[in-house]
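> mind looking at a prediction? Sequence and model below.
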Amino acid sequence: MCGILGIVARSPVNQLLYDGLLLLQHRGQDAAGIVTSENNSFHMQKGTGMVRDVFRTRNMRSLPGNMGIAHCRYPTAGSASNSAEAQPFYVNSPFGIVLGHNGNLTNSDKLKEEMFRQDLRHI
């Protein structure tokens with residue numbers, strides 16, 4: 001079971017998200033990530049390992065914004081060492097989507113095929 005956290009505030013949320021991930025670390029110790037939003041831009045830092053190993057002071061400075069989501073991963077599928085599987089995920093088209101997700105899509109190939117057939121641009 002992964003740990004997922006989201007915060008919207010009147011002040012910067014990067015430290016709150018980090019602190020929240022530390023509290024959720026028992027939910028996943030293989031990868032961690034934070035995405036914040038400021039002025040219609042996303043700022044992301046993620047990687048494999050424990051929360052304290054993924055984020056350094058310089059990483060936290062690069063996460064401005066008053067809203068964000070964070071994720072710590074416990075893999076039940078895929079690879080624990082693959083940094084591409086660290087979350088949150090970001091897709092640029094058509095407008096930009098950030099997603100933190102817990103679970104496995106067992107029919108992802110079928111869903112991808114249907115989305116391409118319908119000319120949906122979310123993937």
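Now that the structure is in, tell me what you want to look at.

> next, the residue nearest in space to the middle of the chain: phi, psi?
The centre of the chain sits closest to Pro88, judged by CA atoms, centre = their mean, with a distance of 1.3 Å. When read as degrees, to the nearest 10, the backbone of Pro88 gives phi -70, psi 160.

> that one and His71 touch, don't they?
Yes - Pro88 is within contact range of His71, at 5.3 Å (criterion: CB atoms under 8 Å). Backbone N, C-alpha and C define where each C-beta goes, glycine included.

> what residues are shared contacts of the two?
Shared contacts of Pro88 and His71 (CB atoms under 8 Å, 6 or more residues apart in numbering): Gly33, Lys46, Gly100.

> quick one: which of the residues you listed is most hemmed in?
Highest neighbour count within the shared contacts of Pro88 and His71, by other CB atoms under 10 Å: Gly33, with 27 neighbours.

> ok, for that residue, nearest residue in space, not its chain neighbours?
Spatial nearest neighbour of Gly33, chain neighbours left out: Lys46 (2.8 Å); criterion: CB to CB, 6 or more residues apart in numbering.

> need the helices for the chain, in chain order.
Using DSSP state H, the helices of the chain run over residues 14-24, 51-54, 57-61, 108-117.

> which residues sit against the shortest one?
With contact meaning CB under 8 Å, 6+ apart, helix 51-54 is reached by Tyr18, Leu21, Leu22, Gln25, Ala31, Ala32, Gly33, Gln45, Lys46, Gly47, Thr48, Cys72.

> that helix: which residues count as buried?
Val51, Val54 (16 or more other CB atoms under 10 Å).

> can I get the CA coordinates of that helix in CSV?
Coordinates of the C-alpha atoms in helix 51-54 are reproduced here as CSV (Å, rounded to 0.1, in the frame of the first residue of the first chain):
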residue,chain,number,x,y,z
VAL,A,51,12.0,9.9,1.6
ARG,A,52,15.1,11.3,3.4
ASP,A,53,17.3,10.0,0.6
VAL,A,54,15.3,11.3,-2.3
